[in-house]
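Peer 1: Curious how this folds, go ahead:
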Amino acid sequence: MIQKLKVNKTELGSKTAKGGFANEKAVCEKFEAWDRDIEAQEWLKIMGYDLKKISSVKAIQIPVKIKKSELSEFDITDEIEYENFIKFKKADAQIKITIKMGEIVKIENISLKKANSNADYNQIDKRSVDNYQEMWNFDDEIALWLKFFTGELNPNKYLNLMPVKKFKDARRLFFNEMPERIQNKIIEFFEQNRIVIVSDILKGRGCLSTQWMLDKV
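Peer 2: You can find the predicted model right below:
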């Protein structure tokens, strides 16, 4: 399914493409074969394009790391944009669509997700607590307890800080095993900053933030 991040998911549910894709490369290949790929044509129509007005589509798989010598290929024009890419990048593919009228080029960034219908969760962002602290500026106390929560720090080595001495999981701390004061502090921070946090996790920031999400269920 491909959708504008602000569009209600149910509006596009009936248009969900059932065909499979293995990875980012396969999706890029489908977009580049848009003139004969029915699924890619459906995606483009959902994105608001009139197929009759498209003259070409170029799809680029965005690597995890980009060399500075390759910045221009992804329309990254300066050092600040490059730093934002490193910190906030969410797009997995960049689609350049050339419209027939006046050779207008439209650029769309897409985030690709593969959902597992058998799982009760789906990982959409994976970074270290230090990375999140740099992005959202929470204090060192919150960072410490989030590291216990994620398992970056083993709570068994910090028993003097723990309100309980035996944990549900020996590798990490559950949220309700933290001191109540810490629980409230973390909840308060996330409530006060929820808009920027949700936006960073789903959309990202900068020139490679994503406008669309494509997922396979």
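Peer 1: just the strands in this structure please.
Peer 2: With DSSP state E as the criterion, the chain has strands at 2-4, 54-61, 93-99, 104-114, 212-216.
Peer 1: can I have the second one written out in CSV, keeping just the CAs?
Peer 2: The reference is to strand 54-61. Taking Å, rounded to 0.1, in the frame of the first residue of the first chain, the C-alpha atoms of strand 54-61 are listed here in CSV:
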residue,chain,number,x,y,z
ILE,A,54,4.3,11.2,-17.5
SER,A,55,7.2,11.0,-20.0
SER,A,56,9.7,9.2,-17.7
VAL,A,57,10.3,7.8,-14.2
LYS,A,58,13.7,7.3,-12.6
ALA,A,59,13.9,5.4,-9.4
ILE,A,60,16.9,5.4,-7.1
GLN,A,61,17.5,3.1,-4.2
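Peer 1: Can you give me the buried ones in it?
Peer 2: By neighbour count on 16 or more other C-beta atoms under 10 Å, the buried set for strand 54-61 is 54, 57, 59, 60. Every residue, glycine included, has its C-beta placed from N, CA and C.
Peer 1: Outline the domain layout of the chain.
Peer 2: 2-120+205-216, 129-197 (automatic domain parsing).
Peer 1: would you turn the buried residues of strand 54-61 into CSV with distance to residue 152 and pLDDT?
Peer 2: CSV is the format used below for these (distance: C-beta to C-beta, whole Å; pLDDT from 0 to 100):
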residue, distance to residue 152, pLDDT
54, 46, 92
57, 42, 93
59, 36, 90
60, 33, 86
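Peer 1: returning to that earlier point: so for residue 205, which of the strands of the chain sits nearest?
Peer 2: strand 104-114 (11.6 Å; C-beta to C-beta).
Peer 1: lowest average confidence, helix or strand, in this structure?
Peer 2: In the chain, no helix or strand scores lower on mean pLDDT, DSSP states H and E than helix 9-13, which sits at a mean of 40.
Peer 1: Read off the pLDDT value for the residue of the chain most remote from its centre.
Peer 2: Here the centre of the chain is the reference, and by C-alpha atoms, centre = their mean the most remote residue is residue 160, at 36.9 Å. Residue 160 is assigned 91 on the pLDDT scale.
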